[in-house]
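Novice: sequence and predicted structure, then a few things I'm wondering about:
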Amino acid sequence: MIGLFPRSPQEQRTATELAARWGPDAMLVDGGPGPALRRLWSSLDVVVLFLPVGAAVRLIAPLLRDERTDPEVVCVDERFAVTVSGGAQAVAPQIAEVLGRVPVLTTGAAVSPLDELVDHLSATVDGDLAGCARSVADEEHVRLVNPHGFPLPALPENVSAHCDEPEWTVVVDDRRPTGELGERTVRLIPPTLVVGVGAVRGVSRTAVTGLMSRLDREHGLDPRAIRAFATAESKADERGILDAVQDLGFWHSADAEELPLRLYPAAELAEVEVPNPSAEVLRETGTASVAEAAALRAAGELAAAGSDSATSGKPLGRDDIAGDSAIELVVPKLVADGVTVAAARVRPRGRVTVVGLGPGPADLRTPRAEAELRRAAAVIGSARDLGQVRDLLHPGARTEVVDSAEAGARAAAAHARDGHATALVGAGDAAAEHAAVRAEPGCAALTVATIPGIPAPTTP
């Protein structure tokens, strides 16, 4: 079905001329295009707008979901017929032929779900992502390997962990593969690792980089997964450490950017429980560990920054870090040539976002709420609330209808624990729903965020 949205009498005449060309597949829509377009969007194959391109982009942006299912959108003015999105129907040349306009066709690859996945994970890519993306677009089977259980956004149905004969394989991991990978394998390497480092005075850059290389060579940690380095404040001017951190950032970080070096007072590091404390280090520095303690301290800080249970900037104590299931020491202290190195991982956390819908009308939803709903892999809510947002959801997203706030919290927590980026939608008290999710058993390791809805207007 082709929808034409004229506004003025002149545009009405032009739209009628086009509708006559297309016959019963075309319909003229009266009135302002906004409300009608939102109502008809999911039933249209082509949208013809008599608007400037900028105005059209602002109008359709909240409605776009997936290039495979969204209608083609064409803008028509006195000179041009411009393809704004889509293009499979090749309508712009047809309009140009009928009306004597100049067709403008926008070309180029659409954003792939794999590009969105890379962005979601802030991952480094190893392999032919474009080739794999073409396979996804052609609806060929692609296996997804996610051993750490990263919560993922909605993906097409042909991208699955359960795939016997895949054309491609996508691996999400911060570790090097243990065996040979085929040509049709793409690795996504999320930044999960924090490397703690300590050293004697005057240590060389070569000694530091040499020991750090063992994290990769002997323990299989991909250096592209390093998110930050950490050490004691007393090492802030240690040239060998500073130069090594700069070198590793240049060779392994995205865009050759220098990775951060986090510094902590000895008193804070002394509060971190470690497996390999040293009495000698304690006498010299005031803390029984530098490398292990700094790695765990920084990892705990980064994990807390991604959770609603963050400690509001206060130092994390022994109990905070020892009991934090979101971090783990993956390589205990290594020692060589006056250097100590250890690595901690910020473990992926299941995520629930409580999305407030506000008073109800689509034009009163916040842009952040709509963005969260578009990328959610699982969406939970009442039948009424899900009906209000169904046009925003990714075609691969799971939905679950619940009949109470308690059932919604329980279902959302279950989906998040299973590794899905989950949205719990409702028009009620978002803070209460947030608390209900947080109260669910086993939710201590989940990240629970809230996007409040716009308050309903009050009658004076």
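Specialist: Structure received. Numbers count the residues shown, from 1 in each chain.
Novice: could I get the full set of helices for the stretch 251-400 of the chain?
Specialist: Using DSSP state H, counting those that start in this stretch, the helices of the stretch 251-400 of the chain run over residues 266-270, 279-285, 291-305, 318-322, 367-375, 383-389.
Novice: what about the stretch 351-460 of the chain, any weak spots by pLDDT?
Specialist: Counting by pLDDT under 70, the low-confidence segments of the stretch 351-460 of the chain come to 360, 363, 456-460.
Novice: change it to 90
Specialist: 351, 357-372, 374-375, 388-397, 405, 416-421, 426-449, 452-460 (pLDDT under 90).
Novice: okay, and the helix or strand of this protein with the least pLDDT?
Specialist: Using mean pLDDT, DSSP states H and E, the weakest-scoring helix or strand in the chain turns out to be helix 318-322, at a mean of 41.
Novice: how much space separates residue 60 from residue 155?
Specialist: For residue 60, the distance to residue 155 equals 23 Å [C-beta to C-beta, to the nearest Å]. The C-beta positions use only the backbone N, C-alpha and C, and glycine is treated the same way.
Novice: please work out which of the helices of the stretch 251-400 of the chain is packed deepest.
Specialist: Ranked by mean neighbour count, these are led by helix 291-305 with a mean of 26 (mean count of other C-beta atoms under 10 Å).
Novice: centre of the chain to it, how far?
Specialist: Helix 291-305 sits 22 Å away from the centroid of its parent chain (C-alpha atoms, centre = their mean, to the nearest Å).
Novice: pLDDT value on the residue positioned nearest the centre of the chain, please?
Specialist: Nearest residue to the geometric centre of the chain (C-alpha atoms, centre = their mean): residue 120, 2.1 Å. In this prediction, residue 120 carries a pLDDT score of 84.
Novice: was I right about it contacting residue 152?
Specialist: Yes - counting by C-beta atoms under 8 Å, residue 120 does reach residue 152; the two are 7.2 Å apart.
Novice: which neighbours do the two share?
Specialist: Any residue near both residue 120 and residue 152 by C-beta atoms under 8 Å, 6 or more residues apart in numbering counts here, and that gives residue 421.
Novice: where do the strands sit along the stretch 201-350 of the chain?
Specialist: Along the stretch 201-350 of the chain, counting by DSSP state E, counting those that start in this stretch, strands occupy 226-232, 261-264, 327-336, 339-346.
Novice: and what of the stretch 51-200 of the chain?
Specialist: Counting by DSSP E, counting those that start in this stretch, the strands of the stretch 51-200 of the chain are 72-76, 80-85, 102-104, 124-126, 142-145, 159-160, 168-172, 185-189, 193-199.
Novice: re the thing from before, now render the strands of the stretch 201-350 of the chain as CSV, adding distance to residue 380.
Specialist: As requested, these are arranged in CSV below (distance: least, C-beta to C-beta, whole Å):
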stretch, distance to residue 380
strand 226-232, 31
strand 261-264, 37
strand 327-336, 28
strand 339-346, 26
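Novice: now these in CSV, with mean pLDDT, mean neighbour count and distance to residue 28?
Specialist: Below are the strands of the stretch 201-350 of the chain laid out as CSV (pLDDT from 0 to 100; neighbours: other C-beta atoms under 10 Å; distance: least, C-beta to C-beta, whole Å):
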stretch, mean pLDDT, mean neighbour count, distance to residue 28
strand 226-232, 97, 25, 55
strand 261-264, 97, 20, 62
strand 327-336, 96, 18, 60
strand 339-346, 97, 26, 55
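Novice: how about those, which one is nearest residue 301?
Specialist: Among the strands of the stretch 201-350 of the chain, the nearest to residue 301 by C-beta to C-beta is strand 261-264 (7.4 Å).
Novice: that closest one pairs with which strands, parallel or anti?
Specialist: Its sheet considered, strand 261-264 pairs with strand 226-232 (parallel) by DSSP bridges.
Novice: which residues touch the strand it pairs with?
Specialist: Strand 226-232 has contacts (C-beta under 8 Å, 6+ apart) with 191-198, 238, 241, 245, 248, 252-253, 259-266, 269, 285, 287, 290-291, 294-295, 297-298, 302, 346.
Novice: count the neighbours of residue 23 for me.
Specialist: When neighbours are counted by other C-beta atoms under 10 Å, residue 23 registers 8.
Novice: tell me the SS of it?
Specialist: Following DSSP: H, G, I helix; E, B strand; the rest coil, the label given to residue 23 is helix.
Novice: same question for residue 422.
Specialist: Residue 422 ends up strand, using three-state DSSP.
Novice: run a quick neighbour tally on it.
Specialist: Neighbours of residue 422 (other C-beta under 10 Å): 30.
Novice: residues touching it, list them.
Specialist: Per C-beta under 8 Å, 6+ apart, neighbours of residue 422: 151, 350-353, 376-380, 412, 415-416.
Novice: distance check, it against residue 84.
Specialist: For residue 422, the distance to residue 84 - C-beta to C-beta - is 32 Å.
Novice: also residue 225?
Specialist: 39 Å.
Novice: tell me the confidence at the nearest residue to residue 159 once chain neighbours are set aside?
Specialist: If the residues on either side of it in the chain are set aside, residue 159 comes closest to residue 142, at 4.7 Å by C-beta to C-beta, 6 or more residues apart in numbering. Listed pLDDT for residue 142 reads 96.
Novice: buried set for stretch 45-58?
Specialist: For stretch 45-58, the neighbour count (16 or more other C-beta atoms under 10 Å) marks 46, 47, 48, 49, 50, 51, 53, 56 as buried.
Novice: name the nearest of these relative to residue 65.
Specialist: Taking C-beta to C-beta as the measure, residue 65 lies nearest residue 47 of those, at 13.8 Å.
Novice: so that closest one sits in a helix?
Specialist: No - under the criterion used here (three-state DSSP), residue 47 is strand, not part of a helix.
Novice: what bridges to it?
Specialist: Residues in beta-bridge contact with residue 47 (DSSP bridges): residue 3, residue 73.
Novice: any idea how far residue 262 lies from residue 289?
Specialist: For residue 262 relative to residue 289 (C-beta to C-beta), the value is 15 Å.
Novice: oh, that last question was meant for residue 175, not what I typed.
Specialist: Counting by C-beta to C-beta, the gap from residue 175 to residue 289 is 24 Å.
Novice: between the two, which is the more surrounded one?
Specialist: Taking other C-beta under 10 Å, residue 175 and residue 289 do not tie; residue 289 has more neighbours (28 against 20).
Novice: and for the closest residue to that one other than its chain neighbours, the neighbour number?
Specialist: Among residues not flanking residue 289 along the chain, residue 274 sits closest, at 4.3 Å (C-beta to C-beta, 6+ apart). Counted by other C-beta under 10 Å, the residues lying close to residue 274 total 25.
Novice: state the phi and psi torsions of residue 274.
Specialist: Main-chain torsions, residue 274, degrees, to the nearest 10: phi -130, psi 160.
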